[in-house]
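Undergrad: 3D, please:
(one chain, ligands or ions: 1)
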Amino acid sequence: KKFPPGPTSLPFIGNIHQLIYYCWKHKGVVPAFDYFRQTYGDVFTLWLGPIPHVSICDYETSQEVFVKNGNKYKDRFLPPIFEHVSENLGLVSANGESWAEMRRFALGAFRTMGVGRDLMEERILAELDARCAKIDADAVNGKTIVHTTEFFDLTVGSVINSVLIGKRFDSHNKDEFLKLKGLIDSAADLFTIFDLTVPIWLLKKLCPERYAKIVESQVEIINFVSREANERYEKVKSGEFTINSEDPQDFVEAYLAKMEQEKEKGTTNLYTMECLKHVIGDLWLAGQDTTATTLVSGFNQFVNHPEVVKKCREELMKLTDNGSRPLSLKDRAESHYLNATIAEIQRHASILNVNFWRYNHEATTIKGYPVDSGSVITAQLGALHVNNDIFKNAEKFYPERFIEDPKLLNQVIPFGIGKRSCVGENIARSEIYLMIGNLLLRYDIKPFGDVPSTEDKLPYSAGKLPDKTVKLEFCKL
Ligand code: HEM
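TA: Purely as a prediction, here's the structure:
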């Protein structure tokens, strides 16, 4: 009675058996959550072992809880192994003062570096130009076969790397990118639900080799991503590199400037090289795959819905005077159909099948239900985006829903909501808009072979995976 409704739970295991059963019955985590939503309402409780997990599946309640009362829900409930590796440093797997300071700093640094404005646009368009030059050079009779995952992985990876450490990936250093991607993919393959839930002492005791392997793989990624930051730091110390604190060229420069400032002022000792390693690691890991996966999903949708591509292109041609200039972020206010299409892509791509949980430290009331302390809570983005009461015929890819009812646009929240929402939202939105818009202006996109499926390839896992084997034909317009 101290929680919103949900299925009857058993001692020790809570609702785990029902969760497994409904995932199996409805063929995935999101359909299972959707079943619980339809049965118990937009706010429901599942006991996973001894901890009550409260899911919110509508925008209005999410807004009320995570924005209006956002200060209460700042602490992320983390798998023990994440907490252990991060040592409470960085952005994704940290809580408290250090997280708050780093988040404030990261958002400020992105603003200074022109995120959401011209400077970021220039970086993205320069990257896209370089990639398109390669597509054009490989063309036979105006057509190039593009493996979209490779294309977007590298393009997005290059943009992030250039924002963070001022270096893009090209043919000379592509191997560095592939090495990093390989490390990340094999680290992700290592994790099972067991590793994510057991306490560290138990993991160390039961499987010491597995524990060592997981920690090593995480440390290797963080060290790899941050090695150039360390090199820069050494150069600053030796006088080989002078920091420009007024106009930092990348995130590392902005951080080193702040570190120097804080050393002089002595107000906080949170800015350390160890912390920078984790912050960069988090921005890289959270920013690369999410954005590339969204773009891959989008292009899989495009070849399934040529009528949508046609409408987007008509709008884009009008806006850019028949493609005589690239699409710019300034066009966003006028590109209603493209905006609607991107919202529909993100609603379907909705990267997280299970969103991160936050601690609920004090007893409260949500949508009229009591919610006791000691529980964890989240806006369940995957289920929220297939909520049929909000998005009619939610399974359908139908951008027109946002033209018919523009208020629906606010209800698509793939970047989460509240104090722990995505730090890279503006970067990702700029990348998605400019890459989709400008690629549609330059190329006609056709399936190469069979039309790809738009189904989630990993419906039982915490994250979504589109078909990443897809190759498409890019035909120059
Ligand atoms: C389409 C692309 C992206 C999607 C869909 C996405 C989605 C998300 C979501 C759902 C969260 C968690 C929200 C929550 O806990 O409620 C998150 C957090 C985060 N994202 Fe993103 N993200 C994207 C791109 C990026 C980019 C480009 C960056 C960095 C440049 C980034 C950095 C982060 C960080 C650091 C966090 C943790 C924030 C915190 O805990 O304070 N993300 N993202």
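Undergrad: got phi/psi on Leu465?
TA: In this entry, Leu465 is assigned phi and psi values of phi -140, psi 110 (degrees, to the nearest 10).
Undergrad: ah, wrong one, I meant Asn95
TA: Residue torsions, per degrees, to the nearest 10, at Asn95 are phi -130, psi 170.
Undergrad: that one against Phe82, yeah?
TA: No. Using C-beta atoms under 8 Å, Asn95 makes no contact with Phe82, being 11.3 Å away. The C-beta positions use only the backbone N, C-alpha and C, and glycine is treated the same way.
Undergrad: which ones are touching Leu338?
TA: When contacts are counted by C-beta atoms under 8 Å, 6 or more residues apart in numbering, Leu338 touches 312, 315-316, 433, 436-437.
Undergrad: where do the strands sit along the stretch 301-450 of the chain?
TA: Listed in chain order, the strands found in the stretch 301-450 of the chain under DSSP state E, counting those that start in this stretch are 357-360, 364-366, 369-371, 375-379, 443-447.
Undergrad: is it possible to get a markdown table of those strands that adds mean neighbour count and mean pLDDT?
TA: What follows is those, written out as a markdown table (neighbours: other C-beta atoms under 10 Å; pLDDT from 0 to 100):
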| stretch | mean neighbour count | mean pLDDT |
| --- | --- | --- |
| strand 357-360 | 22 | 96 |
| strand 364-366 | 15 | 96 |
| strand 369-371 | 17 | 96 |
| strand 375-379 | 23 | 96 |
| strand 443-447 | 17 | 95 |
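Undergrad: tell me, how many residues neighbour Ala292?
TA: Counted with other C-beta atoms under 10 Å, the burial measure for Ala292 works out to 25 neighbours.
Undergrad: what is the least confident helix or strand in this protein?
TA: Comparing helices and strands within the chain by mean pLDDT, DSSP states H and E singles out helix 193-197 as the least confident, with a mean of 71.
Undergrad: what helices or strands is the next helix or strand after it leaning on?
TA: Toward the C-terminal end, the helix or strand that comes next after helix 193-197 (DSSP states H and E) is helix 200-206. Secondary structure elements in contact with helix 200-206, counted by 3 or more C-beta pairs under 8 Å, 6 or more residues apart in numbering; DSSP states H and E, are helix 80-86, helix 208-238.
Undergrad: do that again at 10 Å, thanks
TA: Under the contact criterion of 3 or more C-beta pairs under 10 Å, 6 or more residues apart in numbering; DSSP states H and E, helix 200-206 touches helix 80-86, helix 193-197, helix 208-238.
Undergrad: and the ones you listed, which one's lowest on average pLDDT?
TA: Looking over the helices and strands packed on helix 200-206, mean pLDDT reaches its minimum on helix 193-197, with a mean of 71.
Undergrad: next, the buried residues of stretch 138-149.
TA: 143-144, 146, 148-149 (16 or more other C-beta atoms under 10 Å).
Undergrad: quick check: chain neighbours aside, which residue is closest to Leu384?
TA: Closest residue to Leu384 apart from its sequence neighbours, by C-beta to C-beta, 6 or more residues apart in numbering: Cys57 at 4.8 Å.
Undergrad: report the contact partners of the one you found.
TA: Contacts here follow C-beta atoms under 10 Å, 6 or more residues apart in numbering; on that basis Cys57 touches 33-34, 36-38, 40-44, 379-387, 389-390.
Undergrad: now the end-to-end length of stretch 342-361.
TA: Its first and final residues considered, stretch 342-361 spans 36 Å by C-alpha to C-alpha, to the nearest Å.
Undergrad: now do Asn410 against Ala32, distance only.
TA: Applying C-beta to C-beta, to the nearest Å, one obtains 26 Å for the distance of Asn410 from Ala32.
Undergrad: more crowded one of those two?
TA: The neighbour comparison of Asn410 against Ala32 (other C-beta under 10 Å) goes to Ala32, with 24 against 10.
Undergrad: which positions within the helix or strand hosting Glu176 qualify as buried?
TA: With the criterion set as DSSP H and E, the secondary-structure element containing Glu176 is helix 174-190. Buried residues in helix 174-190, counted by 16+ other C-beta under 10 Å: 177, 180-181, 183-184, 187.
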